[in-house]
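K.L.:
Have a look at this fold, sequence not included:
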């Protein structure tokens, strides 16, 4: 029987770590089972396939990013695009630093999903990126941002934000809040200043 309880969450967490460290393709069901100290055959009492584990991880991550962005833009002090972008950047940093391994898997391993699942996640990723594009375009239209292409600017910011998952450590030199503050400052400066 396929589970959604504590054991399933444990499988997803362990698999996130292995997919992050070794990649989805290089990680077997046997590797996940060994890390959980169970028999590989026992995994199938909890999951249907390795891809189902990846799907679960990616779906949970996508939902975390979407909910954080919803809350951030709902709570933004005003409709000001600078405030909205700052809130989106801060929310993204919070999700990545809350679970860098899962975030890394979402960013890099989703391409291993089957075509239907890949398309579904691709659509969600596009919709999420569109929040950044719209906010940046709004900022360009009112003169708050000097970027000439909102799509390129959004890709630039999200690439930088997603990179946090590759180096962030909870016991590192900077706290999650300090990282968020610095990324907000860098994001706003990169879009509003032209040093030429």
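P.N.:
Yep, it's here. Small disclaimer: the values here were computed from a predicted structure and weren't measured. Residues are numbered from 1 along each chain as shown.
K.L.:
contacting residues around the spatially most central residue of the chain?
P.N.:
Centroid check for the chain by Cα atoms, centre = their mean gives residue 103 as the closest residue, at 4.3 Å. Contact analysis of residue 103 by Cβ atoms under 8 Å, 6 or more residues apart in numbering lists 61, 95-96, 162, 164-165. C-beta coordinates here come from the backbone N, C-alpha and C atoms, glycine included.
K.L.:
Now do the end-to-end distance for stretch 146-154.
P.N.:
13 Å (Cα to Cα, to the nearest Å).
K.L.:
State the mean pLDDT of that stretch.
P.N.:
Averaged over stretch 146-154, pLDDT sits at 92.
K.L.:
same deal with stretch 72-82?
P.N.:
Average pLDDT, stretch 72-82: 78.
K.L.:
Between its first and last residues, how far does that stretch reach?
P.N.:
13 Å.
K.L.:
Over to stretch 25-43?
P.N.:
Start-to-end span of stretch 25-43 (Cα to Cα) is 18 Å.
K.L.:
Tell me the buried residues in it?
P.N.:
Residues of stretch 25-43 classed as buried by neighbour count (16 or more other Cβ atoms under 10 Å): 27, 29, 31-33, 35-36, 38, 43.
K.L.:
Give me the mean pLDDT for that stretch.
P.N.:
Across stretch 25-43, pLDDT averages out at 90.
K.L.:
Next: stretch 170-181.
P.N.:
95.
K.L.:
mind listing what's buried in that stretch?
P.N.:
176, 179-181.
K.L.:
so residue 90 touches residue 185, yeah?
P.N.:
No: assessed by Cβ atoms under 8 Å, residue 90 is found out of contact with residue 185, at 10.8 Å.
K.L.:
Have a look at the two and say which one is more surrounded.
P.N.:
Taking other Cβ atoms under 10 Å, residue 90 and residue 185 do not tie; residue 90 has more neighbours (19 against 12).
K.L.:
what sits against the more buried one?
P.N.:
Shown in contact with residue 90 (Cβ under 8 Å, 6+ apart): 72, 180, 183-184.
K.L.:
Report pLDDT for it.
P.N.:
97.
K.L.:
where's it, which helix or strand?
P.N.:
If you go by DSSP states H and E, residue 90 is part of helix 81-98.
K.L.:
now that helix, how far from the chain's geometric center?
P.N.:
11 Å (Cα atoms, centre = their mean, to the nearest Å).
K.L.:
again, but for stretch 13-20
P.N.:
15 Å.
K.L.:
Can you name the residues that contact residue 25?
P.N.:
residue 112.
K.L.:
repeat that with 6 Å
P.N.:
Not one residue lies near residue 25 by Cβ atoms under 6 Å, 6 or more residues apart in numbering.
K.L.:
what do you get for residue 119?
P.N.:
Contacts of residue 119 by Cβ under 6 Å, 6+ apart: none found.
K.L.:
so where do the helices sit in this protein?
P.N.:
Ranges of helices within the chain are 6-22, 29-36, 40-43, 50-75, 81-98, 100-108, 115-141, 150-162, 164-167, 176-192, based on DSSP state H.
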